[in-house]
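Enquirer: here are the coordinates; sequence isn't available:
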C-alpha cells in the first residue's frame, strides 16, 4: 500500500461488515493497516470476517448489532472509542433491499427501509461526530446507490432512502468540513452480493443488458473507493462528493 492510500493505525468502524461490500471494505481497510470495529446482525459471518481481517495483522473488535436500533448504533461507535481511544473513520454501509411496486408497498415495508438504510446513517454518524470534531480529523463514508440518483422501478422505497443518504451526505459535509471532518458517499451500481438475491431474475437480466459494461460489479471493485476517501492525503479534497462505481449506469 502506497503512503497516499495507507490507513496505518487509523480507527475505523464498518457497518454491515459480514458480507458484500462491507466485507470487502473491511478487508481492504485491514490490508491498509486500519484498526477495525466491524458490526453486523449476522454474528457467525461477522466472526469469520473479523478473523480474516486479523490474519492481515490488525486489531479487530466486533459488535453484533442492528443499525436501525439507536442503542445499538451507540454501542458500535462507543466500542471503537473505548477499544482504540477514538474514531477516525465511519463507513455507514449496512442496508437492506426489497422489491415491490409502489401500489403494493406496505407502510411497514416503507418504514423498515427507512429505518435500516437511512435512519441508521444518521444515528451512527451523530454518535461519531463529537469525537471526530474534538480531534479535528474524521472521515464519514456513506454507502448509497446509483438508484438514489436515477431511481428504479419497483424500488421506490429503496431509491428514496438512498437519495436521502446522498442529501444527508452533502448537507453534513457543509457543516463539518471546517472541523476537518470530510463526509462523502459511494453510490455503487448493481453489485453481485447477497443484497440483490431478493430481486427478480428478470429485473437483474434487464439491468445487466442496459449497463455499458454489461455486467454487475463485484464488492472488491467498490472497496478501493472507500480506501481512497478515508486516506490522507488521497482523500483530502473530497467534500460532499458521491463516487460512482456503477458500471456506467449513471454519468453525472
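Expert: Received, thanks. This structure is a prediction, so every number in the text was calculated from the model and none was measured. Residues are numbered from 1 along each chain as shown.

Enquirer: how far away is the most centrally placed residue in the chain from residue 232?
Expert: In the chain, the residue lying closest to the centroid (CA atoms, centre = their mean) is residue 93, at 2.3 Å. Applying CB to CB, to the nearest Å, the value for residue 93 to residue 232 is 21 Å. (Each C-beta comes from the backbone N, C-alpha and C, glycine too.)

Enquirer: show me the contacts for the residue nearest to the centre of the chain.
Expert: Residues in contact with residue 93 (CB atoms under 8 Å, 6 or more residues apart in numbering) are 14-17, 21-22, 25, 143.

Enquirer: at 6 Å instead, please
Expert: Shown in contact with residue 93 (CB atoms under 6 Å, 6 or more residues apart in numbering): 15-16, 21-22, 143.

Enquirer: how near is it to residue 195?
Expert: Using CB to CB, residue 93 is found at 10 Å from residue 195.

Enquirer: Also residue 86?
Expert: The gap separating residue 86 from residue 195 is 31 Å, by CB to CB.

Enquirer: do the same with residue 82
Expert: From residue 82 over to residue 195 (counting by CB to CB), the distance is 30 Å.

Enquirer: those strands in this protein, which residues are they?
Expert: Taking DSSP state E, the strands of the chain run over residues 11-15, 35-40, 60-64, 89-92, 138-143, 181-186, 242-243.

Enquirer: what's the weakest-modelled helix or strand in this protein?
Expert: helix 201-210 (a mean of 86; mean pLDDT, DSSP states H and E).

Enquirer: buried residues in it?
Expert: By 16 or more other CB atoms under 10 Å, the buried positions in helix 201-210 come out as 203, 207.

Enquirer: again with stretch 63-76
Expert: So stretch 63-76, judged by 16+ other CB under 10 Å, has buried residues 63-65, 67-68, 72-73, 75-76.
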